[in-house]
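A.B. asks: Next input, structure requested:
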Amino acid sequence: AQDPNNALYGAGTIALTNGSTTVTGSSTAFLANVVAGQFIDIRGALFPIVSVNSDTSLTIEGDWVGNASISGLPYRILNFPVSNIGLENITIKRSAGTSNVSTVYIEQVRNVYIKNILIDHVGAFQAVRGLRLQNCFSVRVDDCDFRNTTQDGVYIEDCTMTYFANCHSYNNGDDGFEIA
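C.D. replies: Numbering: from 1, shown residues only. As a prediction, the model looks like this:
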């Protein structure tokens, strides 16, 4: 069995009913691979897992809102080993090192708050991305500038509940904000 504190899980498929908090598995082994407090990713929407009831049943926080009944869905279980981080009042200019990285890369974090950050790459070491967020849940970014990267100012992949306010991304080689 996989260690539920360090590994992703996604064997089998799941079924959901509109308005229900129950996730029903098929060919799943939830008891050995999932624990309450992890998240289940269903079609890009993340739900906290409240309880693991059996090898084929989970309870999630919040009702599933979708088709009346749907089955055969792929899913994945995510861990958020880090929670509640904040970055505030930081300026990063001309960060040295390889030019094929993101300046700030945040992955699998629950509750991220970023405020008043300036990332400005002018010169020989231009990062590919200013800010990269991947597999995060509940992100807020306020009053930030992302400048002069070779690709995206901000790159967001598989994040849920992400909010940006008063942010600027300019003079980047590709997209200002890319959501994948």
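
A.B. asks: Poorly predicted segments of this protein, please.
C.D. replies: Where the chain drops to pLDDT under 70, the residues are 1-7, 67, 81, 94-100, 122-127.

A.B. asks: From residue 71, how far out is residue 51?
C.D. replies: Look at residue 51 and residue 71: by Cβ to Cβ, to the nearest Å, they are 21 Å apart. All C-beta atoms are positioned from the backbone trio N, CA, C, and that covers glycine.

A.B. asks: same deal with residue 152?
C.D. replies: Taken as Cβ to Cβ, the span from residue 152 to residue 71 is 37 Å.

A.B. asks: Which one's more surrounded, these two?
C.D. replies: Using other Cβ atoms under 10 Å as the criterion, residue 152 and residue 71 rank with residue 152 on top: 25 against 12.

A.B. asks: SS state for the more buried one?
C.D. replies: Secondary structure, DSSP: H, G, I helix; E, B strand; the rest coil: residue 152 is coil.

A.B. asks: my read: residue 113 touches residue 86, true?
C.D. replies: Yes - counting by Cβ atoms under 8 Å, residue 113 does reach residue 86; the two are 4.3 Å apart.

A.B. asks: neighbour-wise, which of the two wins?
C.D. replies: Taking neighbours as other Cβ under 10 Å, residue 113 and residue 86 compare with residue 113 leading, 14 against 10.

A.B. asks: who's in contact with residue 110?
C.D. replies: Residues in contact with residue 110 (Cβ atoms under 8 Å, 6 or more residues apart in numbering) are 39, 80, 82, 83, 84, 136, 137, 138.

A.B. asks: Now it: closest residue in space that isn't a chain neighbour?
C.D. replies: Sequence neighbours aside, residue 80 is the residue nearest to residue 110 in space, at 3.9 Å (criterion: Cβ to Cβ, 6 or more residues apart in numbering).

A.B. asks: Appreciated, that's everything.
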